[in-house]
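In: Turn this into a structure:
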Amino acid sequence: MRRLYLDKNLQFVFGVTLMAILGVSSIIPALPEIMDSLSVSPVEIGLLISVFTLPGVLLSPLVGILADRVGRKVILVPSLFVFGGFGFACFFAQTYEQLLVLRFFQGVGAGPLGVIYGTIIGDLYQDRERGQAMGYNASVLSMGTAAFPALGGILAMLGWNYPFLLPLLAIPLGLSISMFMDTPEPKSSGSLKDYIHDALKLMKTRQVLALFATTLMTFTVLYGPIVTYLPILLNTEFNASPVAIGMVFLIASGFTGIASFQLGKLSDRFGQRALLIASGIFYALSMVLTPFSPGLWHVIPPVMCFGLAQGLNIPTIMTMLTTISPMEQRGAFMAANGLILRLAQTIAPILMGGIYAMFGMHAVFYSGLVCAITIMLIGIFFIKNPQS
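Out: Have a look, this model is predicted:
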C-alpha cells in the first residue's frame, strides 16, 4: 500500500489545514493577555473568535458553489492571501475594536479553507484511501492544534500581538499551491438550478442531516467550553501562564493525533458509527471531569479524553460526508458542513459567555456535557455504517 502522506498534493492539503486552524489555535494562550492589555472582560473576549468565524457562516454556501462550478484552486489561493494579509495586520491593532475589524476580514480568507481541504481529499482519494487520508490530515490538524498554542504561548510572552505574525505563513503557501499543486477539478454540467436542487435533495437524507447535527454539537463543545473558557479557567483557578495553557492544549492535540492516525484501522475494526458514539463518551468524560480538577495537572486526564474524542469524531464525519457526496456536488456538501461548523464556532463563544455570566464556569462545561450526550444519541439512533 502506498504511503499517502508522501503524496505531494496531500502535503499541500496539510498546509491548508494548518492555516485553517491557525487563526484560532495560535491565539488561545494569548486570550488572558489580550484581556489585560486591551481591557476586555471574560464575557466580551469570545467576540474575538466569533467575528473571525462569522464570515465563514456568511460565505460558506457561495464558496461551495464556486468550488464546484469554477474550481478548487481558484477559490483556495486568493483565500490564503487574504487570510495571511489581514492576520498579519492584527499585529498592529491599537484597540480591541480595531482588532475585531481586522479579525473579521481575516475570517473572510479563513472561511473557504476548511471547505476546500476536505473537498480536495475527497477528490483525490477513493474508498479506504480516503479514510486514511482524512485520518492523516486530522493528525496534521492535531499537530497544528498542538504546536500553534505552544508557539502562540511563547510568542505571547513577548506581547499579546506577537501570535499574529504567524498568518504570514499563508502567503508562501498560496504561491506554492498556485504553481505546483495538481488536483482533479469537477466538470460542471447542467444549470445552476439543477445543481442546487440535486445537492439539497441528497443533503436532506437522514444520514447526512445526522452528520450535520453531529458537527454542530462537536464544534459547540470545541469553541465554547474548550477554546474560549478552558484557558480562562486555567488562568483564573490555577494562575497558569500562556506557556502552561499552550502545553495543556498540546497534550489534547497529541491524543487527537494518536486517534486520528489510526482512523483507518479503527474504522475497519469497529465501524464509523461506533467511532462517533465513542467520541461522544469521551467528550462527556471531559466535560464532567474538567471543572472539578483540583490542580493544573489534574486537568490532563479530561483533556486527554477530549483529544481522543476529536481524533475519532471530526475525520470520521468528513470521510462519511465525502463518501456520500458525488464530486460535482462535494464542494456544496463541505460548504454546508462548513456553514454549520462556522455557525457553531460563532455562536458557541457568545452562548457560553451568557451562560458564564449567569451561572458561572461549571455551567459552561455542563452545557458541553449536553452536547456530548446529544452526539452519543445521534450515533446510536440516526447514524448507519456505509456498508449497512
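
In: what's the burial count for the nearest residue to residue 58 once chain neighbours are set aside?
Out: Counting by Cβ to Cβ, 6 or more residues apart in numbering, residue 58 lies nearest to residue 111, which is 7.9 Å off, once chain neighbours are set aside. (Each C-beta comes from the backbone N, C-alpha and C, glycine too.) Neighbour count of residue 111, defined by other Cβ atoms under 10 Å: 29.

In: Show me what the strand or helix carrying residue 111 is packed up against.
Out: Assignment of secondary structure by DSSP states H and E places residue 111 within helix 96-124. Under the contact criterion of 3 or more Cβ pairs under 8 Å, 6 or more residues apart in numbering; DSSP states H and E, the helices and strands touching helix 96-124 comprise helix 8-25, helix 47-69, helix 72-89, helix 127-156, helix 300-324, helix 327-359.

In: Could I get the buried residue list for the first one?
Out: Going by neighbour count (16 or more other Cβ atoms under 10 Å), the buried part of helix 8-25 is 9-10, 12-25.

In: try the last one
Out: Residues of helix 327-359 classed as buried by neighbour count (16+ other Cβ under 10 Å): 328-353, 355-356.

In: Skip the chain neighbours and tell me the closest residue to residue 82.
Out: Leaving out its chain neighbours, the residue that sits closest to residue 82 by Cβ to Cβ, 6+ apart is residue 109, at 3.1 Å.

In: For the stretch 51-200 of the chain, which residues score under the pLDDT cut-off?
Out: Per-residue confidence for the stretch 51-200 of the chain (pLDDT under 70) gives these ranges: 188-189.

In: Same question for the stretch 251-388 of the chain.
Out: Residue ranges of the stretch 251-388 of the chain with pLDDT under 70: 387-388.

In: Who are the contact partners of residue 269?
Out: With contacts defined as Cβ atoms under 8 Å, 6 or more residues apart in numbering, residue 269 has no neighbours.

In: do that again at 10 Å, thanks
Out: Shown here is residue 269, whose contacts under the criterion Cβ atoms under 10 Å, 6 or more residues apart in numbering are 262, 275.

In: The one 5 residues further on now?
Out: For residue 274, the contacting residues are 266-267, 312, 316, 379, 383, 385, by Cβ under 10 Å, 6+ apart.

In: filter the residues you listed to the buried ones?
Out: With burial judged by 16+ other Cβ under 10 Å, the buried subset of these is 266-267, 312, 316, 379, 383.

In: Which of those residues sits closest to residue 370?
Out: Minimum separation from residue 370 among the buried ones among the contacts of residue 274 (Cβ to Cβ) is found for residue 379, which lies at 15.3 Å.

In: separation between that closest one and residue 64?
Out: When Cβ to Cβ, to the nearest Å is applied, the distance between residue 379 and residue 64 equals 25 Å.

In: want to throw the contacts of residue 274 into JSON lines with secondary structure?
Out: Formatted as JSON lines, those follow (DSSP: H, G, I helix; E, B strand; the rest coil):
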{"residue": "266", "secondary structure": "helix"}
{"residue": "267", "secondary structure": "helix"}
{"residue": "312", "secondary structure": "helix"}
{"residue": "316", "secondary structure": "helix"}
{"residue": "379", "secondary structure": "helix"}
{"residue": "383", "secondary structure": "coil"}
{"residue": "385", "secondary structure": "coil"}
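
In: before we move on, back to that, tell me if I'm right that the residue nearest to residue 58 and residue 342 touch.
Out: Yes - taking contact to mean Cβ atoms under 10 Å, the distance of 6.6 Å between residue 111 and residue 342 places them in contact.

In: Show me whatever sits in contact with both of these two.
Out: Taking Cβ under 10 Å, 6+ apart as the contact definition, residue 111 and residue 342 share the neighbouring residues 52-60.

In: Buried ones among those?
Out: Of the members of the shared contacts of residue 111 and residue 342, the ones counted as buried by neighbours, 16+ other Cβ under 10 Å, are 52-57, 59-60.

In: For the stretch 151-300 of the chain, just list every one of the strands.
Out: Per DSSP state E, counting those that start in this stretch, the stretch 151-300 of the chain has no strands. Nothing in it meets that criterion.

In: Now do the helices in it.
Out: Taking DSSP state H, counting those that start in this stretch as the criterion, the stretch 151-300 of the chain carries its helices at 170-180, 192-203, 206-221, 230-238, 242-261, 263-270, 272-289, 300-324.

In: Checking residue 371 next. Helix, strand or coil?
Out: Judged by three-state DSSP, the three-state class of residue 371 is helix.

In: Roughly how far does it sit from residue 364?
Out: Per Cβ to Cβ, residue 371 is found 11 Å from residue 364.

In: before we move on, what about residue 227?
Out: Counting by Cβ to Cβ, the separation of residue 227 from residue 364 is 12 Å.

In: Between these two, which contacts overlap?
Out: Residues touching both residue 227 and residue 364 (Cβ under 10 Å, 6+ apart) are 348, 352.
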